Every structure is written in structure tokens, then in C-alpha cells.
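The sequence and its predicted three-dimensional model are supplied below.
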Amino acid sequence: MVTGATGLLLPLVARGLIEDLAEDRAITGALLALSGLVIANAAVGALGSYVLRRTAESVVLGARRALSSYLLRLRITAVDRSEPGDLMARITSDTTLLREVTTDSLVGLGTGGLTLVATVVLMAVVDPVLLGVTLAVILGAGTVLGVIVPRINRASRQAQDAVGVMGASLERVLGALRTVKASGAEDREERALHAAAEESWRQSVRAAKWSAAAGNTAGLAMQTAFITVLAVGGARVATGAISIATLVAFLLYVFYLMSPIQQVIGAVIQYQAGSAALSRIQEALGLPAEPAARTAPLPSSAAEPASLAFSDVRFRYAEDLPYVHHGVTFEVPARGMTAFVGPSGAGKTTVFSLIERFYDPESGTITLDGRALTDWELPRLRSAIGYVEQDAPVLSGTLRDNLLLGNPEADDETVRRVLKTTRLDDLVGRLPQGLDTLVGHRGTKLSGGERQRVAIARALLRSPRLLLLDEATSQLDAVNEAALRDTVADVARTTTVLCVAHRLSTVTSADRIVVMDAGRVRAVGTHRELVAADPLYAELAATQFLATAE
Ligand SMILES: Nc1ncnc2c1ncn2[C@@H]1O[C@H](COP(=O)(O)OP(=O)(O)OP(=O)(O)O)[C@@H](O)[C@H]1O
């Protein structure tokens, strides 16, 4: 505003200068005022522009922090429905567009708008007739802009959506690059990536076309205003209605009008891209999330193991999908090892997802320590559990980062002990950088079996009251598997262990086995009991399990 005000005073001082010259008065004062104004204008302008950019960066930072915190708390149901690459684009690319909204758009609209109004007021003071001429031209341009602006908005939104699609395609390909290469699918994936990039290009070019049209409409309007004012003003000077000095001052105002008008139109155009990005950010912030809560402390090593019960649990992943659990009921007392077996797709992993409350059942209750899961504070519930997922994910970073992910407080002695029980000590000893070795994206620098052992070690370091192992030993060789079986048996003496098992060797030593089939529990018992009592179990034991047993 100060920059605008100093700029606005210049024509008045210029008029004074011309009048001083015309009337042979000293011009030192006017010259000094002119120089002072020019310098103040430049200095305040530079400072303002810095403050503005800083503010804009802070807006982007705020949006990125809010979005990343929110996305970490997303419910798994929302993650199932979204593309991670698209969510990533919303945090990285869409937030960048907010920078322009803050600098060029909002502030441009504010200062440009104010300068515009002030200029018009001063024009009215100088000569209302010429102001009328100027406004008529500007109004015509405004009408044209009203048609163009919504088109810029639509194109901007589609361009950003295409960037999201591109992010999703990239994530899809980079997440499984080996499979893509092994399947010889590079060309097809390349086409999909290019199609998304081209769609973004097409829409951005469309937005650029309309933006250029809008920008030029403004330029054209200003030139028309300039020429019309010159013609009408010239005529008025000829008839003696106004003086030359007034015409010069007015033309200077028309000249000054250019910048705020360009600013306002630029702001409106920028705002279209910004508002498209903003609506994509708001969409992400509208996804269902878990309530914000602080991470709960891990249970002390002396904490009692947990007991668990499912009672008539019915669950499906979405309303348009079939039920995965049709009234699942079982009880697991504190301590000991419970194995879940059953054909693929029976709903074993889903049991674990429900315990972690990644999803909530449609009906029935799940209790931990006799208390419904819904009555537990979510962080407290999860802090009691150690979970090793089916594909044993390992995160990019060092081995140490991965091991300490679930318990950053674990001391060196505990880490050493767990490394020994999971037989990772050999690996760590062999690596030149030991625990500080980088494991690569998703742990690609580790073998499948090593990844599983890292995942188990990570869960054990939490000293959980309930340990969930989902086929955690499927990729281990016989020696490692036997060793880990002993470790798990050891852990089961002090902790409740639930294990989805595919190997007979894991199952035979279990305290109880829950046989699941098509979303129901069909039998519970020990290996010996079930072989005699349950035909499905007997069949599984005789074929699938025995085939992989030692
Ligand atoms: N996120 C999900 N969204 C929709 N359906 C899912 C989802 N996860 C699993 N399902 C479906 O739920 C059913 C049960 O899956 P679950 O992973 O619990 O089976 P499982 O018994 O562990 O099988 P496996 O032994 O092959 O791992 C399957 O039919 C599967 O297709």
C-alpha cells in the first residue's frame, strides 16, 4: 500500500513540476520530492516483496505440515480407496501453487485493487469526463474476462488432476520396477506415464491459452483507454476545458492504472490455479482419519500378556464387497501361541487387521483384556501390540532405523539380544557399516528372509503384550525357521502370540489352532485333536502343510 501511495503521488508532483516550469518558479523542491518518492517507492517495494514471499513460503509450509500430519492419520479404509502417488502430488505439487495464490493472487488482489480504487478516485478529481471514457473501456474488458476466467479454472483443475494421475502411475511403476522389467511391460507403462504427462500438458496449455487471452484483453483495454483518453483529452485541451498539465497528469494515471489492472487480472488468473489446488488439498483433508492423539508409551517389560476374544464378528471391506467374516468367534487366553490356519482368502489376515483397528467390524465385538477395542484409546491399544505383516515391509533407511521404528528407546543391550534371537547378528557382523547400513527402497538390499527377520526383530523390540505374526517365517530357510520357531515359543511363554501359519512345523507346537474357512471359524483345538476331528484340517495337514514341512 505504501508503494502504491508513493506511486500515486508521483503524477501530482509531476504536474506541480510542469506548472512550476510553466510559471518560471524554482523546481528544486518538486525535484527533491520526486526523487524522494521514487527512492521510497523502490525501497518499500523491495521490502514488501520479500515479506510477501516469506509469508507465501510460510503458507506452503503450513499446508504441507497440515497435510502430512493428516495423511499419516488416514484411516486404512481411506488409503485403500486412494492412490498414494496422487496423495503425494497433493502434498508436493498442489501446495506449491498456494505460494502464487498468496503472493500474486491474494496480495495482488488486495494492493492492486486498492491502488486501482485510489487511482480512479484521483482520476475523478483530475477530470471526471476522461474517467468516464476510461471506465467504459475497462468495463468492456471486464465482461470479456468474465467469460474467460471459469475456463482457466477448469483447465487448471484438470491439469493438477493429471499431475496426480502421473504421480500415481509413477508410484505404481517404481514400486514394482523389477516386476515391470521382468514382465517386459516397460513400453505399456511408458505409454500410461506419457499419457498422464501429456494430459497435464494439454490442460496446462489450455489454461495458458485462456490466461494469455485474459492478459492480452487487459493490455488491449489499457491501450484503447490510453488512445481514447489522448483523443478525447486532446479535444478538451483544444476547447480549453482542461489544461495540458491536467491531460498529462490524467495520462500518467492511465499509465499507472495499467499496473494495478494487470495485477488484479494476474491475481484472478493465478487464483484459478490456486483454487484448483486448494480444492484438491481440501479433498485430501476430507478423507476419513483417525482422531489425533499422542503416541502412547510402550508397555513395561513386566506388563501382563493380553487376552483376546472375537464374538460373532461380521465384517466386509466395503459395502459393495462380500462379507469376509461371517460371525467369527474365538477366544485366546493370555500367554501361549495360537495359530490360524485355513485356505487362502479365509480371512486370517483380516483378523489381525481388525485387532489393530485398521478396520472396524460391522457387528459383533472384539475384546482385548475383556475390554471392547472401541473403548481403548487407539495409540494405547496399538502400543500393546507387535505386528509383523504378511509381506514384512522394511522401510528405506538404515537397519537401525528399521529395528527401532517401533521402539526408538530400545537400549543397545536389548537390540543385541533381539538381533541374536532373530539370527540377524551374523548379517550385522558381515556388513561393513553394521546397523548403519542402508537397506534401500523397501529393503531391496536385503534378502526376503532377512527382511522377515528384521520385521520380527522390530516387533520383538516393542516387548508387546500381544504379538501378531502373519506368515512371518514363510521365506526362511529350515535352519533359520527352526531357530525362530524356538524364539517365538520362548516369547509365547511371557506374551500372547497369534500366528497365521502355513507350515505344519509352526502349527504342531502351537497351544491351540483356529481353523478358518470362508470367513468362519470351523474348529479350534490342538494339532492332535484337529487331525482326528476336522476333515479340512486333516486334509491341509496331509497336503499343503506336510509338503513344506521338514
Ligand atoms: N483391503 C482389502 N479390500 C478389499 N478386500 C480385501 C482387502 N484385503 C483382503 N480382502 C479380501 O478379503 C478376503 C480375506 O482376505 P485375508 O487376507 O484375510 O485372507 P487370508 O486368509 O489371510 O488369505 P491368505 O492365506 O491368502 O493370506 C480375501 O477374499 C481378500 O480378497
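Structure received.

C-alpha from now on. contacts and neighbour counts both.
Fine.

Contact partners for residue 307?
331, 332, 333, 334, 335, 368, 369, 370, 496 (C-alpha atoms under 8 Å, 6 or more residues apart in numbering).

wait, residue 60
Counted by C-alpha under 8 Å, 6+ apart, residue 60 has contacts 95, 96, 98, 99.

Would it be right to say that it lies in a helix?
Yes - residue state for residue 60 (DSSP: H, G, I helix; E, B strand; the rest coil) corresponds to a helix.

one step back: I'd like the contacts of residue 60 laid out as TSV, including secondary structure, pLDDT and neighbour count.
Converted to TSV, the contacts of residue 60 look like this (DSSP: H, G, I helix; E, B strand; the rest coil; pLDDT from 0 to 100; neighbours: other C-alpha atoms under 10 Å):
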residue	secondary structure	pLDDT	neighbour count
95	helix	90	24
96	helix	88	20
98	helix	85	26
99	helix	83	22
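
need these in CSV with distance to residue 198, can you?
Listed next are the contacts of residue 60 as CSV, based on distance: C-alpha to C-alpha, whole Å:
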residue, distance to residue 198
95, 22
96, 21
98, 23
99, 25
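
Looking at the residues you listed, which one is closest to the ligand?
residue 95 (28.9 Å; C-alpha to the nearest ligand atom).

Surely the closest one and residue 64 touch.
Yes - at 6.6 Å, residue 95 counts as touching residue 64 under the criterion of C-alpha atoms under 8 Å.

Please state the mean pLDDT value computed over stretch 339-356.
For stretch 339-356, the per-residue pLDDT values average out at 92.

With stretch 502-509 instead?
Rounded mean pLDDT across stretch 502-509 is 80.

same deal with stretch 257-267?
81.

buried sites along that stretch?
Of the residues in stretch 257-267, 257, 258, 260, 261, 262, 263, 264, 265, 266, 267 count as buried by neighbour count, 16 or more other C-alpha atoms under 10 Å.

what's the answer for stretch 228-248, then?
Result for stretch 228-248 [16+ other C-alpha under 10 Å]: buried residues 228-230, 233-234, 236-237, 242, 244-248.

same check, this time on stretch 523-533
In stretch 523-533, counting by 16+ other C-alpha under 10 Å, buried: 523, 524, 525, 526, 527, 530, 531.

do the same with stretch 338-350
Under 16+ other C-alpha under 10 Å, the buried positions of stretch 338-350 are 338, 339, 340, 341, 342, 343, 346, 347, 348, 349, 350.

what do you get for stretch 277-294?
Burial within stretch 277-294, assessed by neighbour count using 16+ other C-alpha under 10 Å, is assigned to 277, 278, 280, 281, 284, 285, 287, 288, 289.

ok, now stretch 156-174?
Neighbour-count burial for stretch 156-174 [16+ other C-alpha under 10 Å]: 156-173.

How about the residues of the stretch 1-150 of the chain by the ligand?
residue 80 (C-alpha under 6 Å from any ligand atom).

can you tell me which of the buried residues of stretch 277-294 are in helices?
Within these, residues falling in helices by DSSP state H are 277, 278, 280, 281, 284, 285.

Can you tell me how far the fifth one is from residue 156?
In this structure, residue 284 lies at 18 Å from residue 156, with C-alpha to C-alpha, to the nearest Å as the measure.

can you check the last one too?
With distances defined as C-alpha to C-alpha, the gap from residue 285 to residue 156 amounts to 20 Å.

now do the second one
As judged by C-alpha to C-alpha, residue 278 and residue 156 stand 11 Å apart.

So in the chain, where's the weakest helix or strand by average pLDDT?
When the helices and strands of the chain are compared on mean pLDDT, DSSP states H and E, helix 546-548 comes out lowest with a mean of 42.

Same list, the contacts of residue 307, but as JSON lines with pLDDT and distance to residue 114 please.
Output for the contacts of residue 307, formatted as JSON lines (pLDDT from 0 to 100; distance: C-alpha to C-alpha, whole Å):
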{"residue": "331", "pLDDT": "94", "distance to residue 114": "71"}
{"residue": "332", "pLDDT": "94", "distance to residue 114": "71"}
{"residue": "333", "pLDDT": "93", "distance to residue 114": "73"}
{"residue": "334", "pLDDT": "91", "distance to residue 114": "71"}
{"residue": "335", "pLDDT": "89", "distance to residue 114": "73"}
{"residue": "368", "pLDDT": "94", "distance to residue 114": "63"}
{"residue": "369", "pLDDT": "92", "distance to residue 114": "65"}
{"residue": "370", "pLDDT": "91", "distance to residue 114": "66"}
{"residue": "496", "pLDDT": "94", "distance to residue 114": "69"}
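
just to revisit the earlier point, okay, the buried residues of stretch 338-350 in JSON lines with distance to the ligand and secondary structure next?
Conversion of the buried residues of stretch 338-350 to JSON lines gives the following (distance: C-alpha to the nearest ligand atom, whole Å; DSSP: H, G, I helix; E, B strand; the rest coil):
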{"residue": "338", "distance to the ligand": "15", "secondary structure": "strand"}
{"residue": "339", "distance to the ligand": "12", "secondary structure": "strand"}
{"residue": "340", "distance to the ligand": "9", "secondary structure": "strand"}
{"residue": "341", "distance to the ligand": "8", "secondary structure": "strand"}
{"residue": "342", "distance to the ligand": "7", "secondary structure": "coil"}
{"residue": "343", "distance to the ligand": "6", "secondary structure": "coil"}
{"residue": "346", "distance to the ligand": "4", "secondary structure": "coil"}
{"residue": "347", "distance to the ligand": "3", "secondary structure": "coil"}
{"residue": "348", "distance to the ligand": "4", "secondary structure": "helix"}
{"residue": "349", "distance to the ligand": "4", "secondary structure": "helix"}
{"residue": "350", "distance to the ligand": "4", "secondary structure": "helix"}
